[in-house]
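> Give me a model of this one.
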Amino acid sequence: MRGLTRLVLDTNVWLDWLVFADPSSVALDAAHQTGSVVLMTDEACRDEWRRVLTYPAIAARISPPVHERILADGPESPNTTCYELKPVSIPLPRCQDPDDQKFVALAAREDADCLITRDKDLLALRPERFGLRFRIMTLRAWHAAAALPDQ
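Residues are numbered from 1 along each chain as shown. The predicted structure follows:
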């Protein structure tokens, strides 16, 4: 099995990591800083990111250092691979929340290893039932599966 290095992060994982500095994201940050993971996005995911950053409760948390970190490491940074938004021609598991379907489509379309989320609806999906290779898991489960130190 190929390593769990090609990652799609849902918006809440990005927020936990870059805006809220959640301790569970320390290993992800270290893997990103060393270049041992490829973070994947597309315009639909970036559009959601941009919109969420304007929510008052989140915008209030974006100090100049956080803003710099978002620019350096976030979904719009040069260190995140942005793929062309195009239709998916294969059957996909359907998420209860249509807003989350874009993450499933991106992971399938671009052959991600893992979609990292804490969303229960996404975690309930089983991509392998559709012949898809990527896994859906929490950040903590990814730490364990990728043999990273648990933070």
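> where do the strands sit along the protein?
For the chain, the strands defined by DSSP state E cover 6-9, 38-42, 80-83, 114-116, 135-137.
> can I get those strands in a markdown table with mean neighbour count, mean pLDDT and distance to His143?
Heads up, the C-betas are built off the backbone N, CA and C, glycines and all. Listed next are those as a markdown table, based on neighbours: other CB atoms under 10 Å; pLDDT from 0 to 100; distance: least, CB to CB, whole Å:
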| stretch | mean neighbour count | mean pLDDT | distance to His143 |
| --- | --- | --- | --- |
| strand 6-9 | 25 | 96 | 12 |
| strand 38-42 | 22 | 95 | 16 |
| strand 80-83 | 16 | 93 | 20 |
| strand 114-116 | 27 | 96 | 10 |
| strand 135-137 | 22 | 94 | 10 |
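> Output those as CSV; include the columns distance to Glu128.
Below are the strands of the chain laid out as CSV (distance: least, CB to CB, whole Å):
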stretch, distance to Glu128
strand 6-9, 16
strand 38-42, 19
strand 80-83, 22
strand 114-116, 13
strand 135-137, 8
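> To Leu15, which of those lies closest?
Among those, the nearest to Leu15 by CB to CB is strand 6-9 (9.5 Å).
> What helices and strands are in contact with that closest one?
With contacts defined as 3 or more CB pairs under 8 Å, 6 or more residues apart in numbering; DSSP states H and E, strand 6-9 has these neighbours: strand 38-42, helix 101-109, strand 114-116.
> how about the ones you listed in CSV, adding distance to Asp16?
Below are those laid out as CSV (distance: least, CB to CB, whole Å):
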stretch, distance to Asp16
strand 38-42, 14
helix 101-109, 15
strand 114-116, 10
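> nearest to Ala146, of these?
strand 114-116 (8.4 Å).
> can you pull the buried residues of stretch 17-26?
Trp17, Leu18, Val19, Asp22, Ser24, Ser25, Val26 (16 or more other CB atoms under 10 Å).
> Tabulate those (TSV), appending distance to Gln101.
Converted to TSV, the buried residues of stretch 17-26 look like this (distance: CB to CB, whole Å):
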residue	distance to Gln101
Trp17	22
Leu18	23
Val19	23
Asp22	25
Ser24	25
Ser25	24
Val26	29
